[in-house]
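> Structure of the sequence below:
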Amino acid sequence: QVQLVESGGGLVQAGGSLRLSCAGSGRTFSSYVVGWFRRAPGKEREFVAAIAWSGANTPYADSVKGRFTISRDNAKNTVYLRMNSLKPEDTAVYYCAAAASEAVMRGWSQGTTYWGQGTQVTVSS
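Below you'll find the predicted structure:
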């Protein structure tokens, strides 16, 4: 069992930055692929970024490439999402997720994905 708690959301002006944190619990957390998803009002949840346990593989959604950076500190059981050059269209609830693989987390393969409660990010124009 893995529990995830997000923090760091808030209100920021366009062009600003925020850093989200995802604190995980459980002995095996450091072995999981951890990712960030978001859901904007009236839209479906979408993938943002993910990071393998080693930090070597970090896929990003095209919409955030070059602006967002995902990283992890396994010693602290925490994954971060640094968001720069924020745009109003980045406004959404951001969710942290953990699974045995990216394929499971993104629904391409069967398996369990753990989710956090979400943190609101609002970017004003």
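
> Look at Arg106 and say how many residues are nearby.
17 (other C-beta atoms under 10 Å). For every residue, glycine as well, the C-beta is placed using N, CA and C.

> show me the contacts for it.
Under the criterion of C-beta atoms under 8 Å, 6 or more residues apart in numbering, the contact list for Arg106 reads Gly35, Phe47, Ala50.

> Can I get the helix or strand in which the last one is found in PDB? Just the C-alpha atoms.
Remark: Ala50 resides in strand 46-51, with elements defined by DSSP states H and E. What follows is strand 46-51 as a C-alpha-only set of coordinates in PDB (Å, rounded to 0.1, in the frame of the first residue of the first chain):
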ATOM      1  CA  GLU A  46      -4.200  14.300 -18.500                       C
ATOM      2  CA  PHE A  47      -0.700  13.000 -18.100                       C
ATOM      3  CA  VAL A  48       1.900  15.700 -17.200                       C
ATOM      4  CA  ALA A  49       5.200  13.900 -16.400                       C
ATOM      5  CA  ALA A  50       6.600  10.800 -14.800                       C
ATOM      6  CA  ILE A  51       9.900   9.600 -13.300                       C
END
